[in-house]
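K.L.:
the following block contains a protein sequence and its predicted model.
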Amino acid sequence: MEAKKRRKVRLKAGDEVIVISGREKGKRGAVRFVDKKRDRVVVEGLNKVKRFQRPTQENPKGGVLEMEFGIPISNVMFYDAKTKSGKRVGYLREAGERKRVVRSKKETREIKEKAEK
């Protein structure tokens with residue numbers, strides 16, 4: 001069996017994305033996790049599903065857990081706050097450094113990384 005060819009992932013945890021197709025279309029959120037193996041991203045507050053948990057010794061009542069599931073990478077785009085729309089992300093090499101940039105027809109701008117908390 002051949003290995004599945006993986007898509008290039010240009011999104012990182014912490015990036016703000018907008019959903020461009022599916023039932024969550026038009027909604028925005030921050031990327032929590034990028035699953036490169038399955039070509040999915042987990043977005044904060046989107047694509048929530050309910051999982052029913054059986055009673056166990058640790059949790060005698062059981063219950064319903066609400067959790068976020070992955071969205072295919074092809075269904076999300078990087079959200080550019082300046083233009084308030086989804087944009088493509090790319091890389092440029094300048095003076096031996098690799099910089100992440102937002103690409104559009106008119107311009108190419110560097111992405112300012114958010115400070116870690």
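P.N.:
Yep, it's here.
K.L.:
determine the set of other helices and strands touching the longest strand along the chain.
P.N.:
Ranked by residue count and defined by DSSP state E, the top strand of the chain is strand 85-94. Strand 85-94 sits against strand 16-19, strand 76-80, strand 97-103, with contacts defined as 3 or more C-beta pairs under 8 Å, 6 or more residues apart in numbering; DSSP states H and E. Where you see a C-beta, it was placed from the backbone N, CA and C, and this is true even at glycine.
K.L.:
switch the cut-off to 10 Å
P.N.:
strand 16-19, strand 76-80, strand 97-103, strand 108-110 (3 or more C-beta pairs under 10 Å, 6 or more residues apart in numbering; DSSP states H and E).
K.L.:
for stretch 37-56, what is the distance to the chain centroid?
P.N.:
14 Å (C-alpha atoms, centre = their mean, to the nearest Å).
K.L.:
what average pLDDT does that stretch get?
P.N.:
The average of the pLDDT scores along stretch 37-56 is 92.
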